[in-house]
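1. Provided below are the primary sequence and the corresponding predicted coordinates.
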Amino acid sequence: MTYHSIRPGQVWLDTEGKRIHAHGGSIMYIDGTYYWYGENKEKSAPGSGIWHWGVRCYASKDLYNWEDKGLIIPPDEDNEQSPLHPTKLVDRPHIIFNRFTKKYVCWLKIMQPDASQKSTVLVADDILGPYTIVKKDLKPLGMHAGDFDLVVNPSDGKAYYYFERVHSEMICADLTDDYTDVTGYYSTHFPQPHPPYVREAPAYFYRKGLHYLVTSGTTGYFPNPSEVACAKLYHGPFEVLGNPHVGDATNTSFGSQICSVFKHPHKKDLYIALADRWVTEHTPGNPATYEEAAERFDQIFNPDKGLDPTVDHFQPVDTTKADYVWLPFRFDGKMAYLDWKEEWRIEDFE
């Protein structure tokens, strides 16, 4: 079918009629074409033992209709020690272009069996690959790096790495000139004692002299309220402005988690929040509300409450059925709001 609008939360098919799998990723605009890439979850059904099936990319001219360009980073099926093996917990690919080296640089978050987190870095000459691993088992700044976003200053090409220092705080770290490591200079933001309060899933954008970060709380695949903050500098200090989701009585960011923000290249002030709706159907034994999820994560991680061994027994979420919630930001002064829309069109913006 051919799409003429964006319909948040509805099943989105590619030009071949297959469900789109580009989760936790972002969009790049290159030479008149939009490239949307992300985690390929097509084989990650509960019980499969498969966490990911590589990074998939789609191309579009209108942001509505997407052509499958294939796996730009395929899984490494044969090497169980590879960070790209399908059983490895590969999350949130983010790609930036280095205008000095002429390389596309991709960072991956890899969760480890012991709950630690490490990074893998790959490079390519083309957005569609092939990508080559240049670093693996990386602990930036000696920290366990969780959800993240990568940012390039368009004026001087300097790059920054916003990441969740797992279960602690948000870090902004300077990247090296080749974007494949950190320099050692960093700043810390939004300190919290433990989940569900810790901020994760940072999504960056820049507007009218302000650097914005949209973050989520920490409740796994179960959605929670988002938070908008802004600063005059990449390294802050950040001012927390509040929850952008207007009228969201469920406290779940309209049942989604924002993974990135895309500024439309041809519109005056159109910033699109790209979000995943990981949970599309309730599984008995899992939290049914944000309040229930928050309480269970607090019981798991709050040292003052002690660990209840029955609390963290969540049932697997079927991410093969995950959908997308894309919404345009509305601005009022510094604050960025997201209003629910059943359907909306790029053409309705100046």
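-> Sure, I can see it. All figures in this text were calculated on a predicted structure; none of them were measured in a lab.

2. rest of the way, CA atoms for contacts and neighbours
-> Noted.

3. three-state assignment of the nearest residue to Ser187 once chain neighbours are set aside?
-> Distance criterion CA to CA, 6 or more residues apart in numbering; nearest residue to Ser187, sequence neighbours excluded, is Cys172 at 5.3 Å. Secondary structure, DSSP: H, G, I helix; E, B strand; the rest coil: Cys172 is strand.

4. who does Cys172 bridge with?
-> Cys172 has these beta-bridge partners by DSSP bridges: Tyr162, Ser187.

5. and the pLDDT at it?
-> Cys172 carries a pLDDT value of 98.

6. that one against Phe163, yeah?
-> Yes: contact criterion CA atoms under 8 Å: Cys172 and Phe163 qualify, at 6.7 Å.

7. so which of those two has more stuff around it?
-> Per other CA atoms under 10 Å, whichever of Cys172 and Phe163 has more neighbours is Phe163, with 26 against 22.

8. the more buried one against Val151, yeah?
-> No: between Phe163 and Val151 there is no contact under CA under 8 Å: 11.2 Å.

9. need the contact list for Arg165.
-> Taking CA atoms under 8 Å, 6 or more residues apart in numbering, we find Arg165 in contact with 143-146, 171.

10. could you rerun that using 6 Å?
-> Residues near Arg165 by CA atoms under 6 Å, 6 or more residues apart in numbering: 144-145.

11. quick revisit: can you tell me how far the residue nearest to Ser187 is from Asp304?
-> 29 Å (CA to CA, to the nearest Å).

12. domain parsing for the chain?
-> 13-189, 194-342 (automatic domain parsing).

13. start and end of the last one, how far apart?
-> For domain 194-342, the first and last residues are 35 Å from each other (CA to CA).

14. and the residue nearest to Asp181 when sequence neighbours are not counted, what's its pLDDT?
-> Distances taken as CA to CA, 6+ apart place Leu175 nearest to Asp181, at 5.7 Å, with adjacent residues excluded. Confidence at Leu175, expressed as pLDDT, is 98.

15. again with Pro309
-> You'll see Pro309 listed with a pLDDT of 63.

16. all further residue positions should be reported with the first residue as 19.
-> All set: I'll call the first residue 19, so the last point we hit is now Pro327.

17. where do the helices of the stretch 219-368 of the chain begin and end?
-> Per DSSP state H, counting those that start in this stretch, the stretch 219-368 of the chain carries helices over the ranges 308-319.

18. I'd say the residue nearest to Ser205 and Thr201 touch.
-> No: using CA atoms under 6 Å, Cys190 is not in contact with Thr201, being 11.4 Å away.

19. please report how far Glu182 lies from Ala219.
-> 7 Å.

20. any shared contact partners between these two?
-> Counting by CA under 6 Å, 6+ apart, the residues touching both Glu182 and Ala219 are Asp165.

21. neighbours of Asp192, how many?
-> Asp192: 22 neighbours (other CA under 10 Å).

22. oh, that last question was meant for Ser100, not what I typed.
-> 14.

23. confidence score at it?
-> At Ser100, the model reports a pLDDT of 96.

24. which SSE is it in?
-> If you go by DSSP states H and E, Ser100 is not part of any helix or strand.

25. what's the spacing between it and Met129?
-> Ser100 is 13 Å from Met129, where distance means CA to CA.

26. check Thr307 too.
-> Thr307 is 26 Å from Met129, by CA to CA.

27. more neighbours: the two, which one.
-> Per other CA under 10 Å, whichever of Thr307 and Met129 has more neighbours is Met129, with 19 against 16.

28. contacting residues for the more buried one?
-> Shown in contact with Met129 (CA under 6 Å, 6+ apart): 107, 135.

29. show me the beta-bridge partners of it.
-> Assigned bridge partners for Met129, using DSSP bridges, are Leu107, Gln135.

30. pLDDT at it, what is it?
-> pLDDT recorded at Met129 is 88.

31. for it, give its distance to Leu156.
-> Met129 is 12 Å from Leu156, where distance means CA to CA.

32. any weak-confidence spans in the stretch 269-368 of the chain?
-> The model of the stretch 269-368 of the chain has pLDDT under 70 over residues 325, 327-330.

33. do the same with the stretch 19-168 of the chain
-> For the stretch 19-168 of the chain (pLDDT under 70), the answer is none.

34. what do you get if the cut-off is 80, keeping everything else the same?
-> 130-134 (pLDDT under 80).

35. would you map the strands across it?
-> Taking DSSP state E, counting those that start in this stretch to define them, one finds strands in the stretch 19-168 of the chain at 41-48, 51-57, 73-78, 85-91, 107-116, 121-129, 135-142, 150-156, 163-170.
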